[in-house]
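**Student:** One predicted model, sequence on top.
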Amino acid sequence: MTELSAREAAAIAYAASFEIAEPGPDASAEDRAAAALRRIGHVQIDTISVVERAHHHVLWSRDRGYRPPLLDALQLSEPRRAVEYWAHAAAYLPLEDYRFCLPRMRRVEASGHEWFPHDRGVVEAVLDRIRVEGPLRSQDFQSEGKRGPWWDWKPAKAALEYLFHAGKLVVLWRPGFQKLYELAERALPPGLDLRYPDEEQMADYYLGLAAAGYGVFSRTDLAYMRKDAVGGVDAALERAVERGGLAPVVVKPEAADGRPWKGWAATRYLESAGEPARPVAHPRPVRILSPFDNAIIDRRRAKRVFGLDYTIECYVPAAKRRFGYFALPVFRGAAPVGLIDCKADRKAKELRALRCEVLGRPWAGPRGRGARRAAAAADGLYEALHEELVAYAAFNGCDTLRWD
């Protein structure tokens, strides 16, 4: 069993998630977006738009050249390379992974979905309309009675969502962030592999996602928040070790009183002598991450692997927030170094930095009080963060960066 320090394990995890540039900087932006989606397995769809939505932010964190229209292009352009369905939450996935969603679809079709109780007559009526009229949105169906809050959606909306989760409908894309539903039999491209995966194939799929997107992981990290066809994971781990793709590791904490943890690392990150390969040199030393980024969405893993102790506060009453509505973790390489709470003023084309803390201290930008002294003490950290913020502002469609 290879022994890794906490820093070595974090460096491997960070490299797996962020530092592999495939197919390379000379490829088109669309090809780079498709490659990033393929490597990390999915991007979680999020409705919060105080800054650019999470599914776009996650891809931008891997490629500064990424822009939101690229995700639509992956769904609509030929060859199509992305599709909306469900990972641990609503997500965009590589199209070729659609078959690995079939076990969940079969379960929902057989047992229903607790969020979307549906009437069979409404389901058939919805299918008939889409079959005759083509792709439709929920708003294309007339509401029956007074519309309640989101958990009391009109019957047609519940039927649409049930049919989507059961695999009968596909979301073609989201014009105006409104789902456009089409029959799966018409929407999915000819020749797409739709063979139902057996337990071994599903386990290999989950393991492949972890090896590619995590680099190093524990047993509890696998198939995060998934419950369909996970029974073969232990056998898949044994197969991967026997084939040489994974190596068992034990990670020693930095603190003397910390507890080591056991897991596996993709052998591509371990040299033949058993020492961890050196992290890849990267021209982007600082990254601002979405709270829903694949690398940190599992908060237990984020704390264990990166030492990131983080709570998103947009769901917390304003009076109880400790930092801000939508604070974004700041990483310097594999180390979390701070938080920044931002808001995009799209009318003014201005990204507002509402609050920022770096290395445990407030920072108000390169012209803020004490900025020169802080920058001198941090070996380029603040300059790199400011550069990342300027790029983040442009990604949000903003021309200027304002420090509040």
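**Tutor:** Great, that's in hand.
**Student:** going forward, measure contacts and count neighbours with C-alpha atoms only.
**Tutor:** Noted.
**Student:** Show me which residues of stretch 73-88 are buried.
**Tutor:** Residues 73, 74, 75, 80, 81, 82, 83, 84, 85, 86, 87 are the ones in stretch 73-88 that count as buried (16 or more other C-alpha atoms under 10 Å).
**Student:** actually stretch 111-119, sorry about that
**Tutor:** 112, 113, 116, 118.
**Student:** three-state assignment of the second one?
**Tutor:** Judged by DSSP: H, G, I helix; E, B strand; the rest coil, the three-state class of residue 113 is coil.
**Student:** for it, what are its contacts?
**Tutor:** Taking C-alpha atoms under 8 Å, 6 or more residues apart in numbering, we find residue 113 in contact with 162, 165.
**Student:** let's go with 10 Å and repeat that
**Tutor:** The contact partners of residue 113, by C-alpha atoms under 10 Å, 6 or more residues apart in numbering, come to 107, 158, 161, 162, 163, 165, 166.
**Student:** For it, give me the pLDDT.
**Tutor:** Looking at residue 113, its pLDDT is 84.
**Student:** ok, the buried residues of stretch 111-119 vs residue 126, which is closest?
**Tutor:** Nearest to residue 126 among the buried residues of stretch 111-119 is residue 118, at 11.2 Å by C-alpha to C-alpha.
**Student:** Could I get the phi/psi values of the residue lying closest to the closest one once chain neighbours are set aside?
**Tutor:** Once flanking residues are discounted, residue 118 sits nearest to residue 159: 5.5 Å by C-alpha to C-alpha, 6 or more residues apart in numbering. Residue 159 adopts backbone torsions of phi -70, psi -40, taken as degrees, to the nearest 10.
**Student:** can you check residue 46 too?
**Tutor:** phi -130, psi 150.
**Student:** got the contact list for it?
**Tutor:** Residue 46 sits next to 52, 53, 54, 55, 56, 89, 90, 91, 292 when contact means C-alpha under 10 Å, 6+ apart.
**Student:** looking at this, the fifth one is in a helix?
**Tutor:** In other words, residue 56. Yes. Counting by three-state DSSP, residue 56 is part of a helix.
**Student:** In contact with it, which residues?
**Tutor:** 33, 43-46, 66-71, 290, 395-396.
**Student:** Distance of it relative to residue 42?
**Tutor:** Remark: distance between residue 56 and residue 42 (C-alpha to C-alpha, to the nearest Å) = 11 Å.
**Student:** what's around residue 175, how many residues?
**Tutor:** Using other C-alpha atoms under 10 Å, residue 175 is surrounded by 10 other residues.
**Student:** Sketch out the low-pLDDT regions of the chain for me.
**Tutor:** 21, 25, 143-153, 256-257, 272-282, 368-377 (pLDDT under 70).
**Student:** how about the helices in it?
**Tutor:** 6-18, 29-40, 54-60, 69-76, 102-111, 120-133, 155-165, 184-187, 199-213, 233-243, 299-301, 371-377, 381-395 (DSSP state H).
**Student:** Which neighbouring elements make contact with the second one?
**Tutor:** Contacting helix 29-40 under the criterion 3 or more C-alpha pairs under 10 Å, 6 or more residues apart in numbering; DSSP states H and E are the following elements: helix 6-18, helix 54-60, helix 69-76, strand 82-86, strand 90-94, helix 199-213.
**Student:** Show me what counts as buried in the last one.
**Tutor:** Okay, so that is helix 199-213. 199, 201-213.
**Student:** Beta-bridge partners for residue 82, please?
**Tutor:** Using DSSP bridges, the bridge partners assigned to residue 82 are residue 94.
**Student:** which residues does it contact?
**Tutor:** By C-alpha under 10 Å, 6+ apart, the neighbours of residue 82 are 34, 37-38, 42, 71-76, 92-98, 172-173.
**Student:** now it: how far from residue 382?
**Tutor:** 36 Å.
**Student:** neighbours around residue 43, how many?
**Tutor:** The burial count for residue 43: 27, using other C-alpha under 10 Å.
**Student:** let me redo that: residue 247
**Tutor:** Number of residues near residue 247 (other C-alpha under 10 Å) recorded here: 23.
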